[in-house]
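S.K.: Build me a model from this:
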Amino acid sequence: MKLLLSTIATASLAIAAQPALAQQAEAPAATEMAPVSDSELENFIIAASMIGNLQQNAEMEKAEKDQKAIQILSQAQLTPTRFNSIGAALQTDKNLQARAEQAVTKLRAQQAEG
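M.R.: Numbers count the residues shown, from 1 in each chain. Sure, this is the predicted structure:
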């Protein structure tokens, strides 16, 4: 799934963008979370990057940003709750952090190819 791969900067951007939807859904404890597949992690990184860029747009109203963020999550096949759960897990789960770094590297390579 290619959703503006050019916006991917680092895995830390995925974490930074995570609070964008915090008001819309509470994240359950990481220990209760279902495992994150590789494709879901890639979708999270892309969506987080896009949402991060969206949040930086000073010309848009908050309500419009929130609506577009929900659309981005829908395209990425993530609910706000799942997005927030993955973001919270990335802050503490070293294994998930390493996988996210690998996913960013893979996405960058795909972007470079075409």
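
S.K.: only C-alpha atoms for contact and neighbour calcs from this point on.
M.R.: Fine.

S.K.: Quick one: mean pLDDT over stretch 93-107.
M.R.: Averaged across stretch 93-107, the pLDDT comes to 94.

S.K.: Next one, pLDDT for the residue at minimal distance from the centre of the chain please.
M.R.: For the chain, Ala48 is the residue whose C-alpha lies nearest the centre (Cα atoms, centre = their mean; 2.8 Å). Note for Ala48: predicted pLDDT of 94.

S.K.: SS state for it?
M.R.: Assigned by DSSP: H, G, I helix; E, B strand; the rest coil, the conformation of Ala48 is helix.

S.K.: Could you check how far it is from Ala100?
M.R.: To Ala100, Ala48 is 12 Å away according to Cα to Cα, to the nearest Å.

S.K.: Measure how far the longest helix along the chain is from the centre of its chain, please.
M.R.: The single longest helix within the chain, with elements called by DSSP state H, is helix 94-113. Taking Cα atoms, centre = their mean, to the nearest Å, one finds helix 94-113 lying 13 Å from the centre of the chain it belongs to.

S.K.: who are the neighbours of that helix, in terms of helices and strands?
M.R.: Under the contact criterion of 3 or more Cα pairs under 8 Å, 6 or more residues apart in numbering; DSSP states H and E, the helices and strands touching helix 94-113 comprise helix 11-17, helix 38-55, helix 80-92.
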